[in-house]
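Peer 1: The sequence and its predicted three-dimensional model are supplied below.
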Amino acid sequence: MIRFKLGRIASLCGCVLTVLCPCSRAVAANEFIGLAGGSNQIALSEANAVSNDGQVVAGRIILESQSTAFVWDDSIGAQSLPLTLDGFGVSGNGTTIVGSGLNSQTGTVEPFRWTSTTGVQLLGGPAGGVLGSYTTANDVSYDGSIIVGTTNLDGNLKAFRWTQPTGFHLLNETGSATASAISENGEVIVGRTSELGEAYRWTSGSGLVPLGKLSLNGSDATDVSADGTVVVGYSGLQSFRWSAATGMLAIGPGSAFSPYSIDPVLSYALATTQSGEAIVGASSAPYPYDAPGVGGAAYLWTETYGMESLPLVLEHRFGLGAAIQNWRLTEAWDISPDGKAIVGHGFNPDGQEEGWLVRLDRPISVPEPTSFVLVLSVAVLVALRLSRRQ
(Lines give C-alpha, C1' and ligand atoms only; values in the text may rest on other atoms or scores of the structure.)
Protein backbone atom coordinates (compact mmCIF):
# COMPACT_ATOMS: atom_id res chain seq x y z
CA MET A 1 0.00 0.00 0.00
CA ILE A 2 2.86 2.38 0.81
CA ARG A 3 4.42 1.69 -2.58
CA PHE A 4 1.04 2.32 -4.18
CA LYS A 5 0.65 5.65 -2.39
CA LEU A 6 4.14 6.81 -3.26
CA GLY A 7 3.58 5.65 -6.82
CA ARG A 8 0.43 7.78 -7.09
CA ILE A 9 2.30 10.83 -5.77
CA ALA A 10 5.17 10.29 -8.16
CA SER A 11 2.75 9.77 -11.01
CA LEU A 12 0.87 12.98 -10.25
CA CYS A 13 4.08 14.96 -9.81
CA GLY A 14 5.32 13.52 -13.06
CA CYS A 15 2.21 14.81 -14.81
CA VAL A 16 2.83 18.27 -13.41
CA LEU A 17 6.44 18.12 -14.54
CA THR A 18 5.32 17.10 -18.01
CA VAL A 19 2.83 19.97 -18.27
CA LEU A 20 4.96 22.76 -16.81
CA CYS A 21 8.42 21.69 -17.92
CA PRO A 22 8.06 20.31 -21.44
CA CYS A 23 11.25 19.15 -23.07
CA SER A 24 12.46 21.48 -25.80
CA ARG A 25 15.63 22.39 -27.58
CA ALA A 26 17.87 25.04 -26.05
CA VAL A 27 17.28 28.59 -27.24
CA ALA A 28 19.19 31.85 -27.01
CA ALA A 29 19.19 33.91 -23.83
CA ASN A 30 16.50 36.50 -23.24
CA GLU A 31 17.11 39.76 -25.09
CA PHE A 32 15.62 43.22 -25.56
CA ILE A 33 16.34 45.16 -28.78
CA GLY A 34 15.55 48.76 -29.67
CA LEU A 35 14.68 48.94 -33.36
CA ALA A 36 15.67 52.47 -34.38
CA GLY A 37 19.39 51.86 -34.16
CA GLY A 38 19.85 54.85 -31.86
CA SER A 39 20.08 57.25 -34.81
CA ASN A 40 19.24 60.88 -34.03
CA GLN A 41 17.82 61.14 -37.56
CA ILE A 42 14.96 58.83 -36.67
CA ALA A 43 12.45 60.89 -34.69
CA LEU A 44 10.01 58.05 -34.28
CA SER A 45 9.72 54.33 -34.88
CA GLU A 46 6.98 51.82 -34.18
CA ALA A 47 7.17 48.02 -34.23
CA ASN A 48 3.80 46.57 -35.22
CA ALA A 49 4.28 42.89 -36.11
CA VAL A 50 6.75 40.04 -35.65
CA SER A 51 7.32 36.73 -37.47
CA ASN A 52 6.80 33.39 -35.74
CA ASP A 53 10.51 32.92 -35.04
CA GLY A 54 11.08 36.49 -33.84
CA GLN A 55 13.60 37.17 -36.59
CA VAL A 56 11.61 39.64 -38.74
CA VAL A 57 9.73 42.77 -37.63
CA ALA A 58 7.48 45.17 -39.56
CA GLY A 59 6.69 48.71 -38.56
CA ARG A 60 7.05 52.39 -39.33
CA ILE A 61 9.77 54.99 -39.03
CA ILE A 62 9.71 58.74 -39.54
CA LEU A 63 12.95 59.97 -41.04
CA GLU A 64 13.33 63.66 -41.85
CA SER A 65 9.55 64.16 -41.44
CA GLN A 66 8.76 61.37 -43.89
CA SER A 67 6.83 58.30 -42.76
CA THR A 68 7.79 54.98 -44.31
CA ALA A 69 7.34 51.29 -43.55
CA PHE A 70 10.38 49.29 -42.48
CA VAL A 71 11.41 45.67 -42.26
CA TRP A 72 13.92 44.61 -39.62
CA ASP A 73 15.86 41.39 -39.30
CA ASP A 74 19.01 40.21 -37.59
CA SER A 75 21.18 40.37 -40.69
CA ILE A 76 20.33 43.83 -42.09
CA GLY A 77 18.80 45.71 -39.19
CA ALA A 78 16.05 48.20 -40.12
CA GLN A 79 15.51 48.76 -43.85
CA SER A 80 13.00 51.37 -45.06
CA LEU A 81 10.71 50.38 -47.92
CA PRO A 82 10.19 52.89 -50.77
CA LEU A 83 6.68 54.04 -51.76
CA THR A 84 5.27 52.99 -48.40
CA LEU A 85 3.72 54.75 -45.40
CA ASP A 86 3.37 52.09 -42.70
CA GLY A 87 4.04 48.38 -42.19
CA PHE A 88 1.24 46.67 -40.29
CA GLY A 89 1.76 42.94 -40.78
CA VAL A 90 4.38 40.26 -41.38
CA SER A 91 3.71 36.70 -42.48
CA GLY A 92 4.39 33.96 -39.96
CA ASN A 93 7.24 32.62 -42.09
CA GLY A 94 8.82 36.08 -42.21
CA THR A 95 8.90 36.43 -46.01
CA THR A 96 6.14 39.00 -46.57
CA ILE A 97 5.43 42.49 -45.20
CA VAL A 98 2.09 44.27 -45.78
CA GLY A 99 0.84 47.76 -45.03
CA SER A 100 -0.12 51.02 -46.74
CA GLY A 101 1.67 52.89 -49.52
CA LEU A 102 1.13 56.03 -51.55
CA ASN A 103 0.52 55.90 -55.30
CA SER A 104 2.05 59.21 -56.40
CA GLN A 105 0.34 59.07 -59.81
CA THR A 106 -3.23 58.69 -58.54
CA GLY A 107 -2.89 60.20 -55.08
CA THR A 108 -4.49 57.12 -53.52
CA VAL A 109 -3.31 55.23 -50.46
CA GLU A 110 -3.02 51.58 -51.49
CA PRO A 111 -2.13 48.35 -49.75
CA PHE A 112 1.34 47.02 -50.47
CA ARG A 113 2.98 43.62 -50.36
CA TRP A 114 6.76 43.28 -50.00
CA THR A 115 9.14 40.34 -50.28
CA SER A 116 12.91 40.40 -50.61
CA THR A 117 12.50 39.00 -54.14
CA THR A 118 9.77 41.25 -55.53
CA GLY A 119 10.33 44.40 -53.52
CA VAL A 120 7.32 46.67 -52.88
CA GLN A 121 4.19 45.93 -54.92
CA LEU A 122 1.26 48.35 -54.70
CA LEU A 123 -1.95 46.32 -55.01
CA GLY A 124 -4.41 49.01 -56.07
CA GLY A 125 -7.92 48.68 -54.71
CA PRO A 126 -11.27 47.00 -55.30
CA ALA A 127 -13.38 47.89 -58.32
CA GLY A 128 -15.36 51.07 -57.79
CA GLY A 129 -12.67 52.91 -55.85
CA VAL A 130 -12.43 56.63 -56.50
CA LEU A 131 -9.49 59.02 -56.72
CA GLY A 132 -8.15 59.81 -53.29
CA SER A 133 -9.65 56.66 -51.74
CA TYR A 134 -7.86 54.93 -48.86
CA THR A 135 -7.07 51.23 -48.79
CA THR A 136 -4.65 49.54 -46.41
CA ALA A 137 -3.46 46.00 -45.72
CA ASN A 138 -3.52 45.14 -42.01
CA ASP A 139 -2.47 41.50 -41.78
CA VAL A 140 -1.32 38.51 -43.81
CA SER A 141 -1.53 34.72 -43.58
CA TYR A 142 1.40 32.52 -42.53
CA ASP A 143 2.69 31.93 -46.07
CA GLY A 144 2.02 35.48 -47.31
CA SER A 145 -0.61 34.44 -49.87
CA ILE A 146 -3.73 35.99 -48.27
CA ILE A 147 -3.98 39.63 -47.20
CA VAL A 148 -6.76 41.35 -45.26
CA GLY A 149 -7.47 45.01 -44.75
CA THR A 150 -9.88 47.90 -45.09
CA THR A 151 -10.89 50.18 -47.96
CA ASN A 152 -12.99 53.33 -48.23
CA LEU A 153 -15.57 52.68 -50.92
CA ASP A 154 -18.52 54.96 -51.69
CA GLY A 155 -18.15 56.62 -48.32
CA ASN A 156 -18.29 53.32 -46.42
CA LEU A 157 -15.51 51.24 -44.93
CA LYS A 158 -15.25 47.78 -46.47
CA ALA A 159 -13.34 44.80 -45.13
CA PHE A 160 -11.47 42.88 -47.81
CA ARG A 161 -9.59 39.64 -48.43
CA TRP A 162 -6.98 39.63 -51.21
CA THR A 163 -5.15 36.84 -53.04
CA GLN A 164 -3.04 36.97 -56.18
CA PRO A 165 -5.41 34.82 -58.28
CA THR A 166 -8.69 36.45 -57.21
CA GLY A 167 -7.73 40.00 -56.29
CA PHE A 168 -9.99 41.87 -53.85
CA HIS A 169 -13.01 40.18 -52.27
CA LEU A 170 -15.23 42.33 -50.03
CA LEU A 171 -16.45 40.69 -46.82
CA ASN A 172 -19.37 43.10 -46.39
CA GLU A 173 -21.45 44.15 -49.38
CA THR A 174 -23.55 46.54 -47.27
CA GLY A 175 -22.78 48.78 -44.32
CA SER A 176 -19.29 49.45 -42.98
CA ALA A 177 -16.69 47.03 -41.63
CA THR A 178 -12.97 46.77 -41.06
CA ALA A 179 -10.64 43.76 -41.17
CA SER A 180 -7.84 43.73 -38.60
CA ALA A 181 -6.32 40.26 -38.50
CA ILE A 182 -6.27 36.80 -40.07
CA SER A 183 -5.48 33.31 -38.79
CA GLU A 184 -2.35 31.55 -40.02
CA ASN A 185 -4.21 29.38 -42.53
CA GLY A 186 -6.22 32.35 -43.82
CA GLU A 187 -9.60 30.82 -42.97
CA VAL A 188 -10.60 33.16 -40.11
CA ILE A 189 -10.72 36.97 -40.29
CA VAL A 190 -11.69 39.38 -37.50
CA GLY A 191 -12.51 43.06 -37.27
CA ARG A 192 -15.41 45.39 -36.55
CA THR A 193 -18.74 45.85 -38.26
CA SER A 194 -19.83 49.45 -37.85
CA GLU A 195 -23.42 48.61 -38.73
CA LEU A 196 -23.80 46.76 -35.42
CA GLY A 197 -20.89 48.40 -33.64
CA GLU A 198 -19.49 44.98 -32.73
CA ALA A 199 -16.45 42.84 -33.22
CA TYR A 200 -16.95 40.02 -35.72
CA ARG A 201 -15.41 36.70 -36.75
CA TRP A 202 -15.58 35.73 -40.44
CA THR A 203 -15.18 32.41 -42.24
CA SER A 204 -16.14 31.56 -45.80
CA GLY A 205 -18.92 29.33 -44.47
CA SER A 206 -20.42 31.63 -41.86
CA GLY A 207 -19.73 35.10 -43.20
CA LEU A 208 -19.49 37.94 -40.66
CA VAL A 209 -20.70 36.73 -37.26
CA PRO A 210 -21.02 39.43 -34.54
CA LEU A 211 -19.36 38.51 -31.25
CA GLY A 212 -21.26 40.79 -28.90
CA LYS A 213 -20.08 43.65 -26.73
CA LEU A 214 -19.40 44.51 -23.11
CA SER A 215 -20.21 48.20 -23.41
CA LEU A 216 -22.74 50.48 -25.06
CA ASN A 217 -19.75 51.85 -27.00
CA GLY A 218 -19.53 48.57 -28.92
CA SER A 219 -16.54 46.31 -29.46
CA ASP A 220 -13.62 45.89 -31.86
CA ALA A 221 -11.58 42.76 -32.62
CA THR A 222 -7.89 43.50 -33.01
CA ASP A 223 -6.39 40.01 -33.37
CA VAL A 224 -7.18 36.33 -33.74
CA SER A 225 -5.11 33.43 -32.44
CA ALA A 226 -2.93 31.61 -34.96
CA ASP A 227 -5.33 28.64 -34.94
CA GLY A 228 -8.39 30.89 -35.34
CA THR A 229 -10.17 29.80 -32.15
CA VAL A 230 -9.67 32.85 -29.91
CA VAL A 231 -10.43 36.50 -30.70
CA VAL A 232 -9.14 39.46 -28.66
CA GLY A 233 -9.90 43.16 -28.70
CA TYR A 234 -11.65 45.78 -26.62
CA SER A 235 -15.15 46.91 -25.74
CA GLY A 236 -15.47 50.38 -24.26
CA LEU A 237 -12.53 50.69 -21.85
CA GLN A 238 -12.05 46.94 -21.36
CA SER A 239 -10.00 44.29 -23.10
CA PHE A 240 -11.83 41.11 -24.05
CA ARG A 241 -11.10 37.51 -24.93
CA TRP A 242 -13.62 35.52 -26.98
CA SER A 243 -13.93 31.83 -27.79
CA ALA A 244 -16.85 29.75 -28.96
CA ALA A 245 -16.95 28.00 -25.59
CA THR A 246 -16.97 31.11 -23.37
CA GLY A 247 -18.27 33.91 -25.55
CA MET A 248 -16.90 37.41 -24.93
CA LEU A 249 -15.29 37.80 -21.50
CA ALA A 250 -13.66 40.88 -20.02
CA ILE A 251 -9.99 40.48 -19.17
CA GLY A 252 -9.96 41.20 -15.46
CA PRO A 253 -7.28 42.33 -13.03
CA GLY A 254 -4.22 40.30 -12.23
CA SER A 255 -4.12 37.47 -9.70
CA ALA A 256 -3.39 38.11 -6.04
CA PHE A 257 -0.58 35.56 -6.42
CA SER A 258 1.31 37.91 -8.78
CA PRO A 259 3.34 40.82 -7.37
CA TYR A 260 3.17 42.39 -10.85
CA SER A 261 -0.64 42.40 -11.03
CA ILE A 262 -2.42 45.47 -12.42
CA ASP A 263 -6.06 46.59 -12.55
CA PRO A 264 -6.12 49.50 -15.00
CA VAL A 265 -9.13 51.68 -15.72
CA LEU A 266 -8.47 51.35 -19.45
CA SER A 267 -6.91 48.56 -21.50
CA TYR A 268 -6.75 47.42 -25.12
CA ALA A 269 -5.92 43.83 -26.10
CA LEU A 270 -3.81 43.97 -29.25
CA ALA A 271 -2.43 40.48 -29.92
CA THR A 272 -2.55 36.85 -28.81
CA THR A 273 -0.70 33.56 -29.22
CA GLN A 274 -1.32 30.19 -30.90
CA SER A 275 -4.53 29.35 -29.02
CA GLY A 276 -5.01 32.41 -26.81
CA GLU A 277 -2.72 31.29 -23.98
CA ALA A 278 -1.25 34.79 -23.64
CA ILE A 279 -2.52 38.24 -24.62
CA VAL A 280 -0.58 41.51 -24.84
CA GLY A 281 -1.75 45.08 -25.20
CA ALA A 282 -1.78 48.62 -23.81
CA SER A 283 -3.15 49.90 -20.50
CA SER A 284 -3.56 53.01 -18.40
CA ALA A 285 -1.71 51.39 -15.49
CA PRO A 286 0.96 53.70 -14.03
CA TYR A 287 4.40 52.98 -15.43
CA PRO A 288 6.42 51.19 -12.72
CA TYR A 289 9.62 53.21 -13.22
CA ASP A 290 10.67 56.81 -13.67
CA ALA A 291 11.32 56.83 -17.43
CA PRO A 292 11.17 59.40 -20.25
CA GLY A 293 8.05 59.79 -22.36
CA VAL A 294 4.37 59.50 -21.55
CA GLY A 295 1.77 56.75 -21.34
CA GLY A 296 0.84 53.75 -19.26
CA ALA A 297 2.41 50.31 -19.21
CA ALA A 298 2.15 47.56 -21.79
CA TYR A 299 0.44 44.56 -20.28
CA LEU A 300 0.53 40.78 -20.38
CA TRP A 301 -2.42 38.49 -19.65
CA THR A 302 -2.18 34.76 -18.97
CA GLU A 303 -4.61 32.31 -17.41
CA THR A 304 -2.11 31.73 -14.60
CA TYR A 305 -1.64 35.32 -13.47
CA GLY A 306 -4.33 37.43 -15.14
CA MET A 307 -3.31 40.95 -16.18
CA GLU A 308 0.23 42.03 -15.27
CA SER A 309 2.63 44.87 -16.01
CA LEU A 310 4.76 43.63 -18.92
CA PRO A 311 7.85 45.68 -17.92
CA LEU A 312 7.80 44.12 -14.44
CA VAL A 313 7.38 40.63 -15.87
CA LEU A 314 10.32 41.15 -18.23
CA GLU A 315 12.48 42.44 -15.40
CA HIS A 316 11.74 39.90 -12.71
CA ARG A 317 10.82 36.70 -14.56
CA PHE A 318 13.18 37.04 -17.48
CA GLY A 319 16.09 39.05 -16.08
CA LEU A 320 15.79 41.98 -18.50
CA GLY A 321 15.81 44.76 -15.91
CA ALA A 322 19.17 46.20 -17.02
CA ALA A 323 18.19 46.02 -20.71
CA ILE A 324 14.93 47.94 -20.28
CA GLN A 325 16.25 50.39 -17.70
CA ASN A 326 15.14 53.96 -18.57
CA TRP A 327 12.85 52.64 -21.32
CA ARG A 328 9.08 53.17 -21.20
CA LEU A 329 7.29 50.22 -22.83
CA THR A 330 3.82 51.65 -23.39
CA GLU A 331 2.18 49.32 -25.93
CA ALA A 332 2.75 45.68 -26.92
CA TRP A 333 1.42 45.28 -30.47
CA ASP A 334 2.20 41.70 -31.41
CA ILE A 335 3.30 38.39 -29.93
CA SER A 336 4.50 35.28 -31.73
CA PRO A 337 2.31 32.14 -31.62
CA ASP A 338 4.74 30.41 -29.24
CA GLY A 339 4.85 33.43 -26.91
CA LYS A 340 8.62 33.88 -27.21
CA ALA A 341 8.73 37.15 -29.20
CA ILE A 342 6.92 40.45 -28.52
CA VAL A 343 7.12 43.81 -30.30
CA GLY A 344 5.66 47.19 -29.49
CA HIS A 345 5.90 50.95 -29.07
CA GLY A 346 7.63 52.95 -26.35
CA PHE A 347 10.16 55.61 -25.46
CA ASN A 348 13.91 55.02 -25.37
CA PRO A 349 16.21 56.49 -22.66
CA ASP A 350 16.58 59.67 -24.76
CA GLY A 351 12.81 60.20 -24.67
CA GLN A 352 12.35 59.37 -28.38
CA GLU A 353 9.54 57.12 -29.52
CA GLU A 354 11.11 53.84 -30.59
CA GLY A 355 9.92 50.37 -31.48
CA TRP A 356 11.25 47.42 -29.54
CA LEU A 357 11.58 43.66 -29.74
CA VAL A 358 11.78 41.12 -26.91
CA ARG A 359 12.94 37.55 -27.52
CA LEU A 360 12.62 35.00 -24.74
CA ASP A 361 14.05 31.56 -24.04
CA ARG A 362 10.66 30.15 -23.03
CA PRO A 363 7.01 30.99 -23.76
CA ILE A 364 5.91 33.97 -21.70
CA SER A 365 2.79 32.05 -20.63
CA VAL A 366 4.84 29.34 -18.87
CA PRO A 367 4.83 29.96 -15.08
CA GLU A 368 8.10 31.07 -13.51
CA PRO A 369 10.08 28.44 -11.56
CA THR A 370 8.79 29.64 -8.16
CA SER A 371 5.23 29.19 -9.40
CA PHE A 372 6.12 25.72 -10.60
CA VAL A 373 7.35 24.83 -7.14
CA LEU A 374 4.10 26.15 -5.66
CA VAL A 375 1.97 24.13 -8.07
CA LEU A 376 4.09 21.04 -7.49
CA SER A 377 3.71 21.44 -3.72
CA VAL A 378 -0.07 21.68 -4.05
CA ALA A 379 -0.05 18.58 -6.25
CA VAL A 380 1.90 16.65 -3.60
CA LEU A 381 -0.50 17.73 -0.85
CA VAL A 382 -3.51 16.72 -2.93
CA ALA A 383 -1.96 13.35 -3.69
CA LEU A 384 -1.21 12.74 -0.02
CA ARG A 385 -4.76 13.62 0.98
CA LEU A 386 -6.19 11.30 -1.66
CA SER A 387 -3.87 8.47 -0.62
CA ARG A 388 -4.92 8.74 3.03
CA ARG A 389 -8.51 8.12 2.02
CA GLN A 390 -7.60 4.73 0.50
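Peer 2: Yes, it's here.
Peer 1: what stretches of the stretch 51-200 of the chain score poorly on pLDDT?
Peer 2: By pLDDT under 70, the weakly predicted segments of the stretch 51-200 of the chain are 128-132.
Peer 1: same deal with the stretch 251-390 of the chain?
Peer 2: Residue ranges of the stretch 251-390 of the chain with pLDDT under 70: 368-390.
Peer 1: ok, 90 please
Peer 2: The stretch 251-390 of the chain contains residues with pLDDT under 90 at 252, 256-257, 290-294, 366-390.
Peer 1: how about stretch 321-332: buried residues?
Peer 2: Judged by neighbour count (16 or more other CB atoms under 10 Å), stretch 321-332 contains these buried residues: 323-324, 327-332. All C-beta atoms are positioned from the backbone trio N, CA, C, and that covers glycine.
Peer 1: sorry, that was for stretch 287-304
Peer 2: Within stretch 287-304, the residues that count as buried by 16+ other CB under 10 Å are 287-289, 291, 293, 295-302, 304.
Peer 1: Please apply the same query to stretch 77-94.
Peer 2: By 16+ other CB under 10 Å, the buried positions in stretch 77-94 come out as 78, 80-81, 83-92, 94.
Peer 1: Which pair of those residues spans the longest distance?
Peer 2: Maximum pairwise distance in the buried residues of stretch 77-94, criterion CB to CB, is 24.5 Å, between 83 and 92.
Peer 1: what's around the closest residue to residue 163 other than its chain neighbours, how many residues?
Peer 2: In space, residue 163 comes closest to residue 146 once its chain neighbours are excluded; the distance is 5.5 Å by CB to CB, 6 or more residues apart in numbering. For residue 146, the neighbour count with other CB atoms under 10 Å is 22.
Peer 1: and residue 146, what is it in contact with?
Peer 2: 140, 161-163, 182, 186 (CB atoms under 8 Å, 6 or more residues apart in numbering).
Peer 1: Narrow the buried residues of stretch 321-332 to those in strands?
Peer 2: Judged by DSSP state E, strands contain the following of the buried residues of stretch 321-332: 328-332.
Peer 1: and which of the residues you listed is nearest residue 201?
Peer 2: Residue 201 has its nearest neighbour among these in residue 332, at 22.5 Å by CB to CB.
Peer 1: ok, now how distant is the nearest residue to residue 302 once chain neighbours are set aside from residue 275?
Peer 2: Closest residue in space to residue 302, ignoring its immediate chain neighbours: residue 365 at 4.7 Å, by CB to CB, 6+ apart. The spacing between residue 365 and residue 275, counted by CB to CB, to the nearest Å, is 10 Å.
Peer 1: more crowded one of those two?
Peer 2: For residue 365 versus residue 275, the count of surrounding residues by other CB under 10 Å is larger for residue 365: 21 against 14.
Peer 1: Buried residues of stretch 238-245, list them for me.
Peer 2: For stretch 238-245, the neighbour count (16+ other CB under 10 Å) marks 238-242 as buried.
Peer 1: Can you give me the neighbour number for residue 255?
Peer 2: For residue 255, using other CB under 10 Å, the count is 15.
Peer 1: ignore the last one, residue 53
Peer 2: Residue 53, neighbours per other CB under 10 Å, totals 15.
Peer 1: phi, psi of it?
Peer 2: phi -90, psi 0 (degrees, to the nearest 10).
Peer 1: And for residue 316?
Peer 2: Dihedral pair for residue 316: phi -90, psi -30, per degrees, to the nearest 10.
Peer 1: From what I see, it and residue 260 are in contact.
Peer 2: Yes: if you go by CB atoms under 8 Å, residue 316 and residue 260 touch, sitting 6.8 Å apart.
Peer 1: Among those two, which residue is more densely surrounded?
Peer 2: residue 260 (22 against 14).
Peer 1: from what I can see the more buried one touches residue 309, true?
Peer 2: Yes: the criterion here is CB under 8 Å, and residue 260 meets it with residue 309 at 5.1 Å.
Peer 1: secondary structure class for residue 312?
Peer 2: Following DSSP: H, G, I helix; E, B strand; the rest coil, residue 312 is assigned to helix.
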